[in-house]
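1. Next come a sequence and a model predicted from it.
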Amino acid sequence: MFAGFERIGGRPSGVTGVWWKASLCIIAALVLCVLSEEVLRHFHVPRTEQIRDQHAQAIPLPKPADPRIPSRYYGKVIRSQPQRHVGKEICLTFDDGPSATFTPEVLDILRAKRVSATFFVVGKQVARYPEIIRQAHAEGHVIGNHSWNHIRRRWMGAVEAVAQVDKTAWLIEEVTGTRPTMFRPPFGRVKNYSMANVARFRYNAIILWTIDSRDSAHATAPEIQRNCLNGLRSGDILLFHDGVSERDEMVKALPLVIDAARGRGFRFVTVPEMLREMEAATSP
Ligand SMILES: [Zn+2]
């Protein structure tokens, strides 16, 4: 079988030579396979890796969300910065979701950056994508109520207002296991006989915002960054939208806003977390 090797220093010949060439080819092919896999592995960057943040790795992953709020905020409207009582922290809030496209992207960014946020969800959308909201809750984000279908009408009967608030609250509880403690009225409208009033009767805190990123007004990513970062102060509640419309610019701006705010020393907390810290800071 190894007759070809008898000619020292020469090349094998005949049938043995063919086998020799074939085995050389096989070995070369195997080496190529291994190498190309190595090369591919080197160049292939998974989606989550692309937004991995080296600085954020030191921050522990958030626990499942805790939506409890102190009783002093039951039925209260939060619309201005409570910076007098909080440390250097801000809240990111996302409205109108979940959407199948943008909410998972936002969750990827928040996970990579180790940021906990607050989502004010529309019941109708939660019914369509309950697993997204279950995941958001498990990853430490708090889920608030933003009505059933984001109804535009300013005035409505009590029965309809109750349905808008309660149906959404029950669905959130069914999906996450915890009842929402906060309501954000569609378009931020806080009026008598409205859904906001029903939510206040249910001891929800009514959470508005102090900074509008203007992502729902077709702001570009650089504009969104400017809107969020200019004049950013402790206790600010930032408004973003992960709802059904086009949100590419917001998704582009979000990691940059997080980095810039973190660079200025801000911490990111959920709205209930900030309310609990305000309570702790002011109680005797
Ligand atoms: Zn909204």
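-> Yep, that arrived.
2. So for the chain, the centremost residue is which one?
-> In the chain, the C-alpha nearest the mean C-alpha coordinate belongs to Leu107, at 2.8 Å (CA atoms, centre = their mean).
3. how far does stretch 227-246 sit from the chain's center?
-> 13 Å (CA atoms, centre = their mean, to the nearest Å).
4. For it, which residues meet the burial criterion?
-> Taking 16 or more other CB atoms under 10 Å as the neighbour-count basis, stretch 227-246 is seen to contain the buried residues 227-229, 232, 234-244. All C-beta atoms are positioned from the backbone trio N, CA, C, and that covers glycine.
5. quick one on the thing from earlier: confirm the residue nearest to the centre of the chain sits in a strand?
-> No - with DSSP: H, G, I helix; E, B strand; the rest coil as the criterion, Leu107 is assigned helix and is not in a strand.
6. what residues are up against it?
-> Going by CB atoms under 8 Å, 6 or more residues apart in numbering, Leu107 touches Ile132, Gln135, Ala136, Glu139, His141.
7. Please tell me how far the first one sits from the ion.
-> Relative to the ion, Ile132 is positioned 17 Å away (CB to the ion, to the nearest Å).
8. How about that residue: what's its closest non-neighbour residue?
-> Nearest residue to Ile132, sequence neighbours excluded (CB to CB, 6 or more residues apart in numbering): Pro98, at 4.2 Å.
9. Just list the residues touching Gly161, thanks.
-> Not Gly; residue 161 is Ala. By CB under 8 Å, 6+ apart, the contact set of Ala161 is Tyr193, Ser194, Met195, Asn197, Val198.
10. Tell me how far it lies from the ion.
-> When CB to the ion is the yardstick, Ala161 and the ion sit 16 Å from each other.
11. ok, now Asp212?
-> The value you get for Asp212 to the ion, if CB to the ion is used, is 11 Å.
12. Could you report the pLDDT at that residue?
-> If you check Asp212, the pLDDT there is 97.
13. hey, what's the closest residue to it other than its chain neighbours bridged with?
-> Taking CB to CB, 6+ apart as the measure, Asp212 lies nearest to Leu239, with 4.8 Å between them; neighbours along the chain are not counted. Using DSSP bridges, the bridge partners assigned to Leu239 are Thr93, Asp212.
14. Could you double-check that Leu239 sits in contact with Ile211?
-> Yes - when contacts are counted by CB atoms under 8 Å, Leu239 is listed as touching Ile211 (6.7 Å).
15. Top of the contacts of Ala161 by number of neighbours, please.
-> Among the contacts of Ala161, Met195 has the most neighbours (other CB atoms under 10 Å), with 28 neighbours.
16. Spell out which residues of the stretch 1-150 of the chain are next to the ion.
-> Asp95, Asp96 (CB under 5 Å from the ion).
17. I'd like to know the phi and psi angles of the closest residue to the ion within the stretch 101-250 of the chain, please.
-> Among the residues of the stretch 101-250 of the chain, Pro186 lies nearest to the ion; the distance is 5.0 Å by CB to the ion. Recorded main-chain torsions at Pro186 are phi -50, psi 140, according to degrees, to the nearest 10.
18. State the number of residues packed around the closest residue to it other than its chain neighbours.
-> The spatial neighbour of Pro186 that comes closest, neighbours along the chain excluded (CB to CB, 6+ apart), is His150 at 4.7 Å. Using other CB under 10 Å, His150 has 18 other residues around it.
19. His150 falls within a strand, correct?
-> No - if the criterion is three-state DSSP, then His150 is coil and not within a strand.
20. and Ala65, that's in a helix?
-> No - assessed by three-state DSSP, Ala65 does not belong to a helix; its assignment is coil.
21. if you skip the residues just before and after it, what's nearest to it?
-> Leaving aside its sequence neighbours, Ala65 sits nearest to Val142 (CB to CB, 6+ apart; 4.5 Å).
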